[in-house]
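Fold the following.
(one chain, ligands or ions: 1)
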Amino acid sequence: MSKIILTGDRPTGRLHMGHYVGSLKRRVELQNSGEFDKIFVMIADAQALTDNFDNPAKIRDSITNVVLDYLSVGLDPAKTNMFIQSEISELTELTFYYMNLVTVSRLERNPTVKAEIQLRNFETSIPAGFFTYPVSQTSDITAFKATTVPVGEDQLPMIEQAREIVRKFNTTYDCDVLVEPEALVPKNQVCSRLPGTDGKAKMSKSLGNCIYLSDSADEVRAKVMDMYTDPEHIQVSDPGHVEGNAVFTYLDAFSTEEDFGLFLPEYTNLDEMKDHYRRGGLGDVKCKKFLLNVINKELEPIRARRAELEKDISGVYEVLKQGCDVARSEAAQTLSEVKAAMRINYFDDDTMVREQQARFTK
Ligand code: TRP
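Predicted coordinates:
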């Protein structure tokens, strides 16, 4: 069986370093591993509209930022098909049929949706579109017969929901048209959830604690030098804590032994540096300067590619347009199999009219 990846992002802003360690970097690795027959990365604008329906301009502008972020981190249109969800109307059609295979109470139990409803104060009036987005996400995944869905932990309930719908579809219509997807989650804790520069649990636009992939070198410098460390580490000589210290969490996520050779040769690796910090005698500013070098080494090539891409936005949209064309034909194929399995493909199955005739012929 072919190995197919589908994943995506809601376009609600620029992507940040949390996205980078949590998903983008991995996507580029998967893309370059050569292990997958097809790779689809979708900009989920229709899903983003389910809780931003009053602000389509924000979604529209974010699509441009997200695709610039994709291309600048190294997603390659020759290997990864990038497309816009709302351009593929087949997805909406699939959703309408899948909607029959899931109950309201099952949707109410989805822990991610529950948490999001609370977060958005939707408790008293949940938009139906938002409430049913896990069904639409099942269409995103199954339309491409994805076997593998790289996502964060918070998305596991969506994949479970998709698997249930796939099983229900295949048993109800006695077929094996749909493929049960598997989630692929980040390899470790730091990658799953990079804290914000303020040390809070998550890097998030609404908390204003993000380092964006598109931040300038000056912006990154200001953010790193202002980062949360260990409030008890006041004098350089004080013993310090590395747990819960955002600078060290970021070093866990980004630094390599090579970085020590390049920027901080007095330690051979992060463990040695942490030991020194714990003992006392290693100042925050020195740690931050090292981190800044580490981050800049990672972001510099991304920034340079982005600057080039920004000069030709119509070229960038051409990439998306071609991606949409490919995605549309894949989704159309699946939709026609789905309709055939349900036997609602009235005009492309010759036997259908003959069967109907037979009902009226004694
Ligand atoms: N819900 C995902 C998120 O918020 C985005 C998304 C939409 C997605 N459709 C998808 C992810 C299909 C994986 C597969 O990040």
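
how many neighbours does Phe347 have?
For Phe347, the number of neighbouring residues by other CB atoms under 10 Å comes to 7. (Each C-beta comes from the backbone N, C-alpha and C, glycine too.)

quick check, it in a strand?
No: assignment of Phe347 by DSSP: H, G, I helix; E, B strand; the rest coil gives coil, placing it outside any strand.

can you pull the pLDDT of it?
Here, the pLDDT recorded for Phe347 equals 93.

Likewise for the one 3 residues further on?
Among the per-residue scores, Asp350 holds a pLDDT of 87.

Could you give the backbone dihedrals for it?
Dihedral angles of Asp350 (phi, psi; degrees, to the nearest 10) stand at phi -60, psi -30.

Would you mind listing what in the stretch 51-200 of the chain touches the ligand?
137, 140-141, 149, 151, 155 (CB under 6 Å from any ligand atom).

can we see that at 8 Å?
Residues of the stretch 51-200 of the chain found near the ligand (CB under 8 Å from any ligand atom) are 85, 133, 136-137, 140-141, 146, 149-152, 154-155, 158-159.

Most proximal residue of the stretch 251-362 of the chain with respect to the ligand?
Ala327 (12.3 Å; CB to the nearest ligand atom).

Could you give me the buried positions within the strand or helix carrying that residue?
Using DSSP states H and E, Ala327 sits within helix 313-342. With burial defined by 16 or more other CB atoms under 10 Å, the residues of helix 313-342 counted as buried are 316, 319-320, 323-324, 327-328, 330-331, 334-335, 337-339, 341.

Next: stretch 186-198.
So for stretch 186-198, counting by 16+ other CB under 10 Å, buried means 186, 190-197.

wait, what's in contact with the residue of the stretch 251-362 of the chain closest to the ligand?
40, 42, 81, 83, 87-88, 144 (CB atoms under 8 Å, 6 or more residues apart in numbering).

out of the residues of the stretch 51-200 of the chain next to the ligand, which are buried?
85, 133, 136-137, 140-141, 146, 149-152, 155, 158-159.

what's the lowest-pLDDT member of the residues you listed?
Within those, pLDDT is lowest for Gly152, at 90.

So it sits against Arg26, correct?
No: taking contacts as CB atoms under 8 Å, Gly152 lies outside contact range of Arg26: 10.5 Å.
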